[in-house]
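Q: structure for the following, please:
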Amino acid sequence: MDLIDIPAADGTTQAYVARPGSGHGPGVLFFMDAIGLRPRIAEMCDRIASWGYVVLAPNVFYRDGDVDAVRPHTDLREPGARDAFFAEAMPRVGALTSDLAVPDIAAYVAALRGLDGVADGPIGVTGYCMGARLSVRAATGHPDDVAACGGFHGGGLVTDEPDSPHAGLATARAQFVFGHADHDGSMPPEAVATLGEELARHGLTASNEVYAGAPHGYSMADTSMYDEAAAERHFTELEALLARTLD
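A: Numbers count the residues shown, from 1 in each chain. Sure, this is the predicted structure:
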């Protein structure tokens, strides 16, 4: 997995870049899950790139270490391995507060814009697990840039805090697609309903669906939570979102 260095708010971070066969196209910013930048993320970026986009996936945990330091070194499909890794990873997730994430996102948007081959015009964002929160913050913080926002098996999109991701939707102009995990404690039914109400209240075009039977982390084929049907549904819905907003 070849990586490049890009500027971030508090230094430099590593990132993966995927390009279509043509080498150019609209830009898509990919926000990883809590497990880190690793081959599965590269595979997902490559697939999105094959649709005609230049995709940038930064290591959002750069304050905690480089890509190798924050990724798993065991097979997360083995019994208990995923839970053990998350015990280590969750402090990193908690430390990436909005006051740190917001300036990082601005740097990532600028880095994507600065890549060779990225077309002028709107960009898309997509995020997974805690990355879905970053995806929403990108859409709400950069409405002149972000025309498409995907969030899949996201957690904490609706909270009681004033900086809850959903609280900024008044500023967004993107189209949204959310594919929530089923029976997800980090995004329970009442939170999904509140998110839908806010999207509607601000007149945003959005899909806000629970993927029946899909566990949290369903898109990640390198973990025990992978659900092929849900993962493929997410790719189908994300491809359609990007096609109708960026092409």
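Q: helices and strands of the protein: which one has the lowest mean pLDDT?
A: Within the chain, confidence by mean pLDDT, DSSP states H and E is lowest for helix 81-95 among all helices and strands, at a mean of 93.
Q: can I get the following helix or strand past it in PDB, CA atoms only?
A: Heading C-terminal from helix 81-95, the first helix or strand you meet, by DSSP states H and E, is helix 98-114. Only the C-alpha atoms of helix 98-114 are listed here, as PDB (Å, rounded to 0.1, in the frame of the first residue of the first chain):
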ATOM      1  CA  SER A  98     -14.400  18.300  16.900                       C
ATOM      2  CA  ASP A  99     -12.000  21.100  17.800                       C
ATOM      3  CA  LEU A 100      -9.200  18.900  16.300                       C
ATOM      4  CA  ALA A 101     -11.300  17.300  13.500                       C
ATOM      5  CA  VAL A 102     -12.600  20.500  12.000                       C
ATOM      6  CA  PRO A 103      -9.300  22.100  11.100                       C
ATOM      7  CA  ASP A 104      -8.000  18.700   9.900                       C
ATOM      8  CA  ILE A 105     -10.900  18.300   7.600                       C
ATOM      9  CA  ALA A 106     -10.100  21.700   6.100                       C
ATOM     10  CA  ALA A 107      -6.600  20.600   5.400                       C
ATOM     11  CA  TYR A 108      -7.800  17.300   3.900                       C
ATOM     12  CA  VAL A 109     -10.200  19.100   1.600                       C
ATOM     13  CA  ALA A 110      -7.300  21.400   0.500                       C
ATOM     14  CA  ALA A 111      -5.000  18.400   0.000                       C
ATOM     15  CA  LEU A 112      -7.600  16.600  -2.200                       C
ATOM     16  CA  ARG A 113      -8.100  19.800  -4.300                       C
ATOM     17  CA  GLY A 114      -4.300  20.000  -4.700                       C
END
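Q: contact partners of helix 98-114?
A: By C-beta atoms under 8 Å, 6 or more residues apart in numbering, the residues outside helix 98-114 that reach it are 6-10, 15, 27-29, 54, 56, 58, 60, 63, 118, 123, 133-134, 137-138, 141-142, 145-146, 163. Bear in mind the C-beta positions are built from the backbone N, C-alpha and C, glycine included.
Q: buried only: go through those residues for me.
A: Neighbour-count burial (16 or more other C-beta atoms under 10 Å) applied to the contacts of helix 98-114 gives 6, 8-9, 15, 27-29, 54, 56, 58, 60, 63, 118, 123, 133-134, 137-138, 141-142, 145-146.
Q: residue closest to the middle of this protein?
A: Centroid check for the chain by C-alpha atoms, centre = their mean gives Gly127 as the closest residue, at 1.1 Å.
Q: so it bridges to which residues?
A: Residues in a beta bridge with Gly127, per DSSP bridges, are Phe31, Gly151.
Q: can you pull the contacts of Pro189?
A: Applying C-beta under 8 Å, 6+ apart to Pro189 gives the contacts Val210.
Q: confirm that Gly179 sits in a strand.
A: Yes: counting by DSSP: H, G, I helix; E, B strand; the rest coil, Gly179 falls inside a strand.
Q: you'd agree it is up against Phe235?
A: No: assessed by C-beta atoms under 8 Å, Gly179 is found out of contact with Phe235, at 10.0 Å.
Q: those two: who's more crowded?
A: Counted by other C-beta atoms under 10 Å, Gly179 and Phe235 do not tie: Gly179 has more neighbours, with 25 against 16.
Q: contacts only, for the more buried one.
A: When contacts are taken as C-beta under 8 Å, 6+ apart, Gly179 is in contact with 150-153, 209, 211, 214, 230, 233-234, 237.
Q: among those, which ones are buried?
A: Neighbour counting by 16+ other C-beta under 10 Å classes 150-153, 211, 214, 230, 233-234, 237 among the contacts of Gly179 as buried.
Q: of the contacts of helix 98-114, which belong to helices?
A: The subset of these located in helices under the criterion DSSP state H comprises 133-134, 137-138, 141.
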